[in-house]
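Novice: coords please:
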Amino acid sequence: MTDRPTSLPDRDISARLCEQVGEAHERHAPLRIVGGDTRAFYGRPVEADPLDVAEHRGIIHYDPVELIVTARAGTPLEDLEAALAEHHQMLSFEPPRFGPQSTLGGAVASGMAGPRRPWAGATRDLVLGSRVITQQGKLLRFGGEVMKNVAGYDMSRLMTGAQGTLGVLADVSFKVLPRPAAHCDLRLAMPLDEALSRLARLGRRPLPITAAAWYDGELLLRLEGGRSSVDATRQELGGETLEPGFWQALRDLRHDFFTLSPGQSLWRLSLPPNTAPLTLDDSHSDTLYDWAGCQRFVKTSLEDEAVRRACSAVGGHATCYTPAAQGGSDSPFTPLHPVVEKHHRRLKEQLDARGIFNPGRLYAAF
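Specialist: Just a heads-up that it's a prediction; the model follows:
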């Protein structure tokens, strides 16, 4: 078991953060929670005093045998994943990095996951517990370091994807997984319709696929698992070897696809399995298919309503990744159904009665 590894910087500034939050609550002064600030594009801009959590960093507890790690929110993802790699382990939800300053807290607050997500689970599936600074500036623990059912709010999972609107993450405990023994990346030339059909068939079999994408006439697959299983699947599927670094570039939105032309915005579409290609009335749009087609990145000059209408027609939703200041949507997230919005408002009122935590980050009204 490893406690506070000396190889990583370790600093606990939770007392200072609690004091700052408590003062902001008393003054009704909104706060913009900032770590590495690499995910500032994701959501609406927040006009408020910054609460900098980047100094609050370090691994608090790591037990490779029990597959559990607890780290502070300001810990850089690169540092945490390097420490796990020393024990041949990983964060299986494959959190995106948008620069070396990308932090653990930002990964959890945004809820983003990489290409492995359909096969390994979402961010909230791996969160075991957390410590959260509440609206009164109190540091409270929620959950623990074991999977269990909880009564009332499951705060650790509520914080995942909440974009810092419900409280300030101080530290988070995760379930980690062993790194696969064998790995192989493949590319197979085929049209989109054939690729989607083939992925649907492959998805019904217990194959060691941990990533599947399609772009520019090629089906791209990642195989991971036992050596014999990976080798047998590679021989069955055929294809050519995919160049190194593709999945990391896709995860971090660094692939050439993500270069936008003037007038274009980048949208992320979340769709049900086996959804056919969407018909978008834009001859200049381009699409990259991830998560075996369930996640699609679209570059388009279409208006918000046209993109969202096409998604909702097949039971999906759309998020704009291009900030409004760069020509993107003023409302990047899909508008809430009135019933869902009512519950969101009630939750916000209970956990942030004075609206100090990242006000307007998700929706303009709260």
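Novice: For residue 295, which non-adjacent residue is closest in space?
Specialist: Spatial nearest neighbour of residue 295, excluding adjacent residues (C-beta to C-beta, 6 or more residues apart in numbering): residue 270 at 6.1 Å. Backbone N, C-alpha and C define where each C-beta goes, glycine included.
Novice: same deal with residue 226?
Specialist: Nearest non-adjacent residue to residue 226, counting by C-beta to C-beta, 6+ apart: residue 181, 5.8 Å away.
Novice: got the phi/psi numbers for the one you found?
Specialist: phi -70, psi -30 (degrees, to the nearest 10).
Novice: Could you report the neighbour count for it?
Specialist: By other C-beta atoms under 10 Å, 13 other residues sit near residue 181.
Novice: switch to numbering from 186
Specialist: Will do, 186 is the new start, and the previous item becomes residue 366.
Novice: How much space separates it from residue 383?
Specialist: For residue 366, the distance to residue 383 (C-beta to C-beta, to the nearest Å) stands at 26 Å.
Novice: cool, and residue 372?
Specialist: Look at residue 372 and residue 383: by C-beta to C-beta, they are 13 Å apart.
Novice: Now the common contact residues for these two.
Specialist: Common neighbours of residue 372 and residue 383 are listed as residue 404 (criterion: C-beta atoms under 8 Å, 6 or more residues apart in numbering).
Novice: that older thread, phi, psi for the residue nearest to residue 480 please.
Specialist: Torsion angles, degrees, to the nearest 10, at residue 455: phi -110, psi 120.
Novice: Isn't it up against residue 500?
Specialist: No. At 9.9 Å, residue 455 and residue 500 do not qualify as touching, with contact defined as C-beta atoms under 8 Å.
Novice: my read: residue 504 touches residue 452, true?
Specialist: Yes. Here residue 504 reaches residue 452: they are 6.8 Å apart, a contact under C-beta under 8 Å.
Novice: and residue 406, what element?
Specialist: Applying DSSP states H and E as the criterion places residue 406 in strand 403-410.
Novice: Could you check that strand and say which residues are buried?
Specialist: 403-410 (16 or more other C-beta atoms under 10 Å).
Novice: next structured bit after that strand?
Specialist: helix 412-422.
Novice: hey, C-alpha coordinates of that following helix in PDB?
Specialist: Taking Å, rounded to 0.1, in the frame of the first residue of the first chain, the C-alpha atoms of helix 412-422 are listed here in PDB:
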ATOM      1  CA  ARG A 412      -2.300 -12.000 -25.800                       C
ATOM      2  CA  SER A 413      -4.000 -15.000 -27.300                       C
ATOM      3  CA  SER A 414      -7.400 -13.300 -27.500                       C
ATOM      4  CA  VAL A 415      -5.900 -10.100 -29.100                       C
ATOM      5  CA  ASP A 416      -3.800 -12.200 -31.600                       C
ATOM      6  CA  ALA A 417      -6.800 -14.300 -32.600                       C
ATOM      7  CA  THR A 418      -9.100 -11.300 -33.100                       C
ATOM      8  CA  ARG A 419      -6.500  -9.500 -35.100                       C
ATOM      9  CA  GLN A 420      -6.100 -12.500 -37.400                       C
ATOM     10  CA  GLU A 421      -9.900 -12.800 -37.900                       C
ATOM     11  CA  LEU A 422     -10.500  -9.100 -38.600                       C
END
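Novice: If we go by neighbour counts, what in that helix is buried?
Specialist: Residues of helix 412-422 classed as buried: 414-415, 418-419, 422 (neighbour count, 16+ other C-beta under 10 Å).
Novice: How is the protein partitioned into domains?
Specialist: The chain breaks down by automatic domain parsing into domains covering 187-363, 367-436, 441-505.
Novice: Take those and write them to JSON lines, including distance to residue 511 and mean pLDDT.
Specialist: Shown next, in JSON lines, are the domains of the chain (distance: least, C-beta to C-beta, whole Å; pLDDT from 0 to 100):
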{"stretch": "domain 187-363", "distance to residue 511": "8", "mean pLDDT": "91"}
{"stretch": "domain 367-436", "distance to residue 511": "21", "mean pLDDT": "97"}
{"stretch": "domain 441-505", "distance to residue 511": "8", "mean pLDDT": "94"}
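Novice: would you turn those into TSV with distance to residue 544?
Specialist: Rendered in TSV, the data for the domains of the chain read as follows (distance: least, C-beta to C-beta, whole Å):
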stretch	distance to residue 544
domain 187-363	5
domain 367-436	30
domain 441-505	20
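Novice: mind checking which of those domains is nearest residue 541?
Specialist: Judged by C-beta to C-beta, the one of these that comes nearest to residue 541 is domain 187-363, at 5.0 Å.
Novice: for stretch 530-542, how far is the first residue from the last?
Specialist: 14 Å (C-alpha to C-alpha, to the nearest Å).
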